[in-house]
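J.: Could you work out the structure for the sequence below:
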Amino acid sequence: QVQLVESGGGLVQPGGSLRLSCAASGSIFTIGVMGWYRQAPGNQRELVATIFSSGSNIKYSDSVKGRFTISRDNAKNTVYLQMNSLKPEDTAVYYCNADLKETLYSTYQEHWGKGTLVTVSS
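T.: Here you go, the predicted model:
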């Protein structure tokens, strides 16, 4: 069984920084695209950033471009999100996402973490 576990959320003042981590564990053969999404109260879940397994093809939402940086460590099956210059509108639950294969012969399946809360407030 595959698990994605996020960590690093919390309360931060406007202009501050946080680093989120998401570690995938369990029956994993290979991981393709990994990413971060967020959902603020009353809003739909939205894409924040994604990254291919090679570390290339990085995509950011316009709202975080230039402030957030996504990276990954394939040896640790972990994806990171460095968040700088945080704004109150970044407040949301941040979810980790990964497309992965559990065996050589299985297809890629999408998995989600349970989320970590980021609150930006003075």
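
J.: how close does the residue nearest the centre of the chain get to Thr50?
T.: In the chain, the centroid-proximal residue (C-alpha atoms, centre = their mean) is Trp36; its distance is 2.7 Å. Distance from Trp36 to Thr50, counting by C-beta to C-beta, to the nearest Å: 8 Å. Every residue, glycine included, has its C-beta placed from N, CA and C.

J.: Now do the shared contacts for these two.
T.: 70, 97 (C-beta atoms under 8 Å, 6 or more residues apart in numbering).

J.: Which other helices and strands does the host helix or strand of the residue nearest to the centre of the chain contact?
T.: According to DSSP states H and E, Trp36 maps onto strand 30-39. Here strand 30-39 touches strand 18-25, strand 46-51, strand 68-73, strand 78-83, strand 92-101, going by 3 or more C-beta pairs under 8 Å, 6 or more residues apart in numbering; DSSP states H and E.

J.: could I get whatever helix or strand comes next after the longest one in CSV with only the CA atoms?
T.: Scanning the chain past strand 92-101 towards its C-terminal end, the next helix or strand to appear is strand 109-112 (assignment: DSSP H and E). Listed next in CSV are the C-alpha coordinates belonging to strand 109-112 (Å, rounded to 0.1, in the frame of the first residue of the first chain):
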residue,chain,number,x,y,z
GLN,A,109,-1.9,5.5,-10.7
GLU,A,110,-2.5,8.8,-9.0
HIS,A,111,-2.0,9.0,-5.2
TRP,A,112,-2.7,11.9,-2.8
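
J.: list the helices and strands the helix or strand following strand 109-112 packs on?
T.: Going down the chain from strand 109-112, the next helix or strand is strand 116-120, by DSSP H and E. The elements that strand 116-120 packs onto, with contact taken as 3+ C-beta pairs under 8 Å, 6+ apart, are strand 10-12, strand 18-25, strand 92-101.
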